[in-house]
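Student: A predicted structure for the sequence below; I have some questions about it.
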Amino acid sequence: MQSTLERFGRIDICVIGPGANWNPEDLQHLESEKSFADIAQEVLPVYHLMPLLLKEMSQNNGGRIIGISSNMDIPSPAYSYNVAKSARTQALLQSVPQAWKVGVTINVIAPGPVEPFEGFEEAKTYCSDSSVRQARQRVTPQDIAQAVAYLCSDDAKYISGCVLPFRF
């Protein structure tokens, strides 16, 4: 946050990116140390950033906080990953009423699996050619970026507490 404030003088938007590791264990093979680490990686950024962001954004008459989580309607086979993502979503949603009082919206983008682009050329094509984007068979980073852009736009200034799920 300090680097952003030094460079731009204010913070209007914060996207809290994904954090948990991929520990594909089922409940019978749960390793508690890894599970606790998953929860910490998902929730601690929210706990650390929220007080600082709300203070800064309230001084600027508002802002946008967007968390990237996961669509729990299509849970992964990894128990601790699912619990960690659910904890992140709830940590963000529980802060909506207080944030709204100071003009800050908080929303969650909840994709299922997101396939990475295979390279820069593929990413450019998805960004510039709507026919390619419309014909896709998977959720892409471009879909996530467009959702973030919308939630940060003036068109979404009254949307707060939304969990935006993606399907594949």
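Tutor: Thanks, I have the structure now.
Student: So what touches the helix or strand harbouring Ala91?
Tutor: Assigned by DSSP states H and E, Ala91 falls within helix 79-93. With contacts defined as CB atoms under 8 Å, 6 or more residues apart in numbering, helix 79-93 is touched by 16, 19-27, 30, 34-35, 38-39, 41-43, 46-47, 65, 67, 69-70, 72, 75-76, 106-108, 110, 161, 163. Using the backbone N, CA and C atoms, a C-beta is placed for each residue, glycine as well.
Student: Which ones among those residues map onto strands?
Tutor: 16, 65, 67, 106-108, 110, 163 (DSSP state E).
Student: Whichever of the residues you listed count as buried, I'd like them selected in PyMOL; how would that read?
Tutor: The buried subset of the ones in strands among the contacts of helix 79-93, as determined by 16 or more other CB atoms under 10 Å, is captured in PyMOL by this line:
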select buried, resi 16+65+67+106+107+108+110
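Student: which two from the ones in strands among the contacts of helix 79-93 end up farthest apart in space?
Tutor: The most widely separated members of the ones in strands among the contacts of helix 79-93, counting by CB to CB, are Ile65 and Ala110 (14.9 Å).
Student: need the contact list for the residue nearest to the spatial centre of the chain.
Tutor: The chain has Ile68 as the residue nearest its centroid, 1.4 Å off, counting by CA atoms, centre = their mean. Contacts for Ile68 (CB under 8 Å, 6+ apart) come out as 15-18, 108-109, 111, 144.
Student: Kindly reformat these as TSV containing pLDDT.
Tutor: Output for these, formatted as TSV (pLDDT from 0 to 100):
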residue	pLDDT
Val15	96
Ile16	95
Gly17	89
Pro18	79
Val108	97
Ile109	96
Pro111	88
Ile144	89
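Student: Next, give me the two most distant ones among those residues.
Tutor: Comparing the members of the contacts of Ile68, the greatest separation, given CB to CB, is between Ile16 and Pro111, at 14.3 Å.
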